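In: Please work out how this folds:
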Amino acid sequence: MKSKVFNNFVCHYTINSINSNPMNKKFSTFVAALLLLAGSFSCSDNDEPQRLSSEYKILSFTHEDLVEVDFLNNHQEIVTSHETYSLMSLIWKAGTDLTSLAPEITIPPGATITPTSGTKRDFSDQVFYTVTAEDGTRLTYVIISETENQEPVLRHASKTVKIIYAPDNGGTTNPAKGTYTYNEYSTLTVYAFPAAGYGFERWYVNGDSKGTNSPLYHIVTSDIILFAVFYPNSSYIIQALSEDTDRGTVSIDNGGVFSYGGSVKIYATPKSGYTFAGWYKNGTTFVSSSANYTYTPSPSESGTVVAKFNMTVSSISGPGIICVGSSGTFSASGATGSTYWESSSNLSNPGSGSLVSVSGLSNGAGWVRIVDSFNNQELKKVNVFIGPPTDLVVKGPTTPKPGGYVHFYVTTSSPLQSVSWSIFPLVGVRDIIENGTACSVDFSSIAQYRGYKITATATNSCGSTAASYSFTMGTYSGEYTP
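Out: This next block holds a predicted model:
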């Protein structure tokens, strides 16, 4: 994408589009940024967590002395082992002093840029800007500049070659970074020399990979930007820690030392009464649920990876039904440390201890659970019904027809002692076969349309509840209404 600047108005147009890197992110368009501004970040009705934006591409780059802005191949991303780059080329008005310019830069909402927009920079050399999206992903722009009618370093050919590299202190090239011209079909020979603590990773020509050999031999058939990428070649240390050594222990191979882009093996061993819950980067970001794990830290990462352990509770014992005004006692098997209990709002607060009692406050479905005091992790949960089966529902076919058996059943979250069935009127009913929570009615003698109501009376230890379902034989009445 290119843009021309005329009296501070930016006009965009596309040139020399080529296939982008296959690792490019798909959701990165200007339209998406506008949608984010319009409020597409609001939570949905089911309270899903808010998703952070991954948008990190520069939207505009302006200055009163800018003539042309070229985002190479429409912000093509060059993904390396340690950083993601994109190349930009700027043309400034003839005579512009490039050593102290402060462009205005627009980025997606929620993103940040380093250095910030409006900061004075020396554009006589290659310049770097890093845009970090709201979700932490980032893109580093490598920018080269020239002024209108600028003479190249060498003047003996017809094709322009611009040489740049990153990071700025990662090494040098020969020829050095700068702008050159070469005869068409002549061979460009360029060497990469990594600085101390760095290695050479790869060459890119107009964003396309051209291998790792140094020197690079390239036949010049068009104007190109040659980009050399260096990488840190040092050792790093990561620590493996246990959140609580009374719950489990950890170990790490090679003392946690790893090379750039390498990995380390980490091990977690829970103690009796506990289970491994997962590895967490710096104790907060989930990494893996595998106790023996090959951990590949992010580039240049330092810090810790923490093993968390949960207390083991094999079961909770207690009643499945509690009547309003009555109480029930619950206990947990296997708890080895400090715990506390919680319950639904229609039960009283159970408090703490190995044996707790709760009272029924109002009818309906409820629950009781035991929680680890150390990390507030739910260990085990059981469902409890309070009072008679007030959520009883009778269900049957949507379009019952005469001439045979019609089947009905009840649903409830309460344990039941018994269910009895009745139907009105009995005209035309040859038989009722009851089978606990279900029944079958024989309508084989029915020859005309007639309305019926079938009723189920369900009983638990707190009382009985009746529910009915009305229907008309021989019609297509749509969905039934219990």
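
In: CA only for contacts and neighbour counts going forward, please
Out: Will do.

In: how much space between the residue nearest to the spatial centre of the chain and Asp135?
Out: Geometric centre of the chain, nearest residue: Arg51, 7.5 Å, by Cα atoms, centre = their mean. Applying Cα to Cα, to the nearest Å, the value for Arg51 to Asp135 is 8 Å.

In: for the residue nearest to the centre of the chain, phi and psi?
Out: When read as degrees, to the nearest 10, the backbone of Arg51 gives phi -90, psi 130.

In: and the residue of the chain most remote from its centre, what pLDDT?
Out: What lies farthest from the middle of the chain is Val427; by Cα atoms, centre = their mean that is 61.4 Å. We have a pLDDT of 77 for Val427.

In: what about it, distance to Thr457?
Out: In terms of Cα to Cα, Val427 sits 21 Å off from Thr457.

In: now the helices for the stretch 301-450 of the chain?
Out: Here the stretch 301-450 of the chain has no helices by DSSP state H, counting those that start in this stretch.

In: Could you list the buried residues of the host helix or strand of Val190?
Out: Counting by DSSP states H and E, the element that carries Val190 is strand 187-194. Under the neighbour-count criterion of 16 or more other Cα atoms under 10 Å, strand 187-194 has 190-194 buried.

In: can you put those in TSV and add distance to Tyr405?
Out: Below are the buried residues of strand 187-194 laid out as TSV (distance: Cα to Cα, whole Å):
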residue	distance to Tyr405
Val190	88
Tyr191	88
Ala192	86
Phe193	87
Pro194	85
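
In: Please identify which of the residues you listed is nearest to Ala307.
Out: For the buried residues of strand 187-194, the residue nearest Ala307 by Cα to Cα is Pro194; the value is 37.9 Å.

In: next one: phi and psi at the spatially closest residue to the closest one that is not a sequence neighbour?
Out: Counting by Cα to Cα, 6 or more residues apart in numbering, Gly171 is the residue found nearest to Pro194 once chain neighbours are left out, at 4.1 Å. Backbone torsions of Gly171, given as degrees, to the nearest 10, read phi 160, psi -170.

In: distance of Gly171 from Ala196?
Out: In this structure, Gly171 and Ala196 are 8 Å apart, going by Cα to Cα.

In: Then Tyr293?
Out: 32 Å.

In: try Val441
Out: With Cα to Cα as the criterion, Val441 and Ala196 are 88 Å apart.

In: for Val429, same thing?
Out: Taking Cα to Cα, one finds Val429 at 95 Å from Ala196.

In: Comparing these two, which shows the higher neighbour count?
Out: More neighbours surround Val429 than the other of Val429 and Ala196, with 16 against 12 (other Cα atoms under 10 Å).

In: Ignoring the adjacent residues along the chain, who's closest to the more buried one?
Out: Nearest residue to Val429 in three dimensions, chain neighbours excluded: Phe443, at 5.3 Å (Cα to Cα, 6+ apart).

In: Give me the local confidence score for the one you found.
Out: pLDDT, Phe443: 79.

In: and what of the one 4 residues further on?
Out: Per-residue confidence (pLDDT) for Ala447: 50.

In: before we move on, what about Tyr217?
Out: The model's pLDDT for Tyr217 equals 89.

In: Same check on Thr329?
Out: At Thr329, pLDDT is 94.

In: got it, and Thr399?
Out: 70.

In: for the protein, where's the lowest mean pLDDT among helices and strands?
Out: Ranked by mean pLDDT, DSSP states H and E, the helix or strand of the chain with the weakest confidence is helix 30-37, at a mean of 38.

In: Could you look up the next helix or strand downstream of that one?
Out: strand 60-62.

In: can you give me the offset of the next helix or strand after that following strand from its chain's centre?
Out: Going down the chain from strand 60-62, the next helix or strand is strand 66-71, by DSSP H and E. A distance of 35 Å separates the centroid of the chain from that of strand 66-71, by Cα atoms, centre = their mean, to the nearest Å.

In: my guess is the residue nearest to Val429 meets Gly403, correct?
Out: Yes. At 5.6 Å, Phe443 counts as touching Gly403 under the criterion of Cα atoms under 8 Å.

In: how does the chain divide into domains?
Out: Structurally, the chain divides into domains by automatic domain parsing as follows: 2-40+49-147, 159-232, 235-311, 315-386, 393-473.

In: least reliable of those going by mean pLDDT?
Out: domain 2-40+49-147 (a mean of 76).

In: State the number of residues packed around the residue nearest to Ser158 when sequence neighbours are not counted.
Out: Nearest non-adjacent residue to Ser158, counting by Cα to Cα, 6+ apart: Asn183, 5.3 Å away. Asn183 sits with 17 neighbouring residues when counted by other Cα under 10 Å.

In: wait, doesn't Gly353 sit right on Tyr340?
Out: Yes. Using Cα under 8 Å as the test, Gly353 is close enough to Tyr340 to be in contact (6.6 Å).

In: the more surrounded of the two?
Out: Tyr340 (17 against 14).

In: quick one: contacts for the closest residue to that one other than its chain neighbours?
Out: Distances taken as Cα to Cα, 6+ apart place Ser352 nearest to Tyr340, at 4.3 Å, with adjacent residues excluded. Residues in contact with Ser352 (Cα atoms under 8 Å, 6 or more residues apart in numbering) are 339-341.

In: Closest to Gly328 out of the residues you listed?
Out: Trp341 (13.6 Å).

In: Was I right to think the closest one contacts Asn376?
Out: No. The criterion here is Cα under 8 Å, and Trp341 misses it with Asn376 at 10.4 Å.

In: okay, those two: which has more neighbours?
Out: Neighbours per residue, other Cα under 10 Å: of Trp341 and Asn376, the larger number sits with Trp341, 24 against 12.

In: Once you drop chain neighbours, what's closest to the more buried one?
Out: Using Cα to Cα, 6+ apart, the closest residue to Trp341 is Ile370 (4.5 Å).

In: isn't the one you found right up against Ala335?
Out: No. Between Ile370 and Ala335 there is no contact under Cα under 8 Å: 9.3 Å.

In: contact partners of the strand holding Val190?
Out: 170-175, 182, 200, 214-220, 228, 230.

In: ok, that strand: who's next to it in the sheet?
Out: strand 171-174 (antiparallel), strand 216-219 (antiparallel) (DSSP bridges).
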